[in-house]
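Asks: Next one to model:
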Amino acid sequence: MSILQIDVFFHFHCVYMYVCVSVFVCSRTEKALKKGKHAIQLYGLATPNGAKPGIMLEEICEVYPDFDYDAWTVSISGEQFTSGFVELNPNSKIPALLDQSTTPPTRVFESGAILMYLAEKFPKASRYHTCICILYRTQSANLNVY
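Replies: Just a heads-up that it's a prediction; the model follows:
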């Protein structure tokens, strides 16, 4: 097997295992999600991936003066397994975003997906730079394998 074949095989099986495991995540406690008065609700923590959507939302606030959002801290010591958070993100991982301006409300999770969603929803807020950052992040992660 070549290095490329091994890499593809490894990534396929990791994604498959990730999907299989994530399907069986259940809430451990009943607790509703906190929601504020703004359309965009961000749930996360100040981790490297958790901070990225917050930075993007602050960029959007600079470009769109009437825009605002609510940010909520979700402790990764168990709060991510509450029923409200599992309903938002079945993977029970931060960050997660809820856009209540759509019907039904749009749920977005994983930092890269949130950045892409916000870049598409708010095009004046540096869509190009967001895409470059995501591509760099994913490519640099793959290059480190070799």
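Asks: what does stretch 77-92 contact?
Replies: Residues from elsewhere that reach stretch 77-92, judged by Cβ atoms under 8 Å, 6 or more residues apart in numbering: 22-23, 25-33, 43, 74, 93-94, 96, 98, 107, 109-110. Yep, even glycine has a C-beta here, placed from its N, CA and C like the rest.
Asks: Using ChimeraX, define a selection of the buried residues within these.
Replies: The following ChimeraX command selects only the buried members of the contacts of stretch 77-92, with burial defined by 16 or more other Cβ atoms under 10 Å:
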select :27,33,43,74,93,94,96,98,109,110
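Asks: Which ones among the contacts of stretch 77-92 lie within strands?
Replies: Judged by DSSP state E, strands contain the following of these: 43, 96, 98, 107, 109.
Asks: how about the residues you listed in CSV, adding distance to Phe85 and pLDDT?
Replies: CSV is the format used below for the ones in strands among the contacts of stretch 77-92 (distance: Cβ to Cβ, whole Å; pLDDT from 0 to 100):
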residue, distance to Phe85, pLDDT
Tyr43, 7, 95
Ala96, 7, 95
Leu98, 10, 96
Arg107, 11, 95
Phe109, 10, 92
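Asks: Using CSV, please lay out these together with distance to Phe67.
Replies: Below are these laid out as CSV (distance: Cβ to Cβ, whole Å):
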residue, distance to Phe67
Tyr43, 18
Ala96, 19
Leu98, 15
Arg107, 20
Phe109, 21
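Asks: Let me know the closest of those residues to Val63.
Replies: Leu98 (21.3 Å; Cβ to Cβ).
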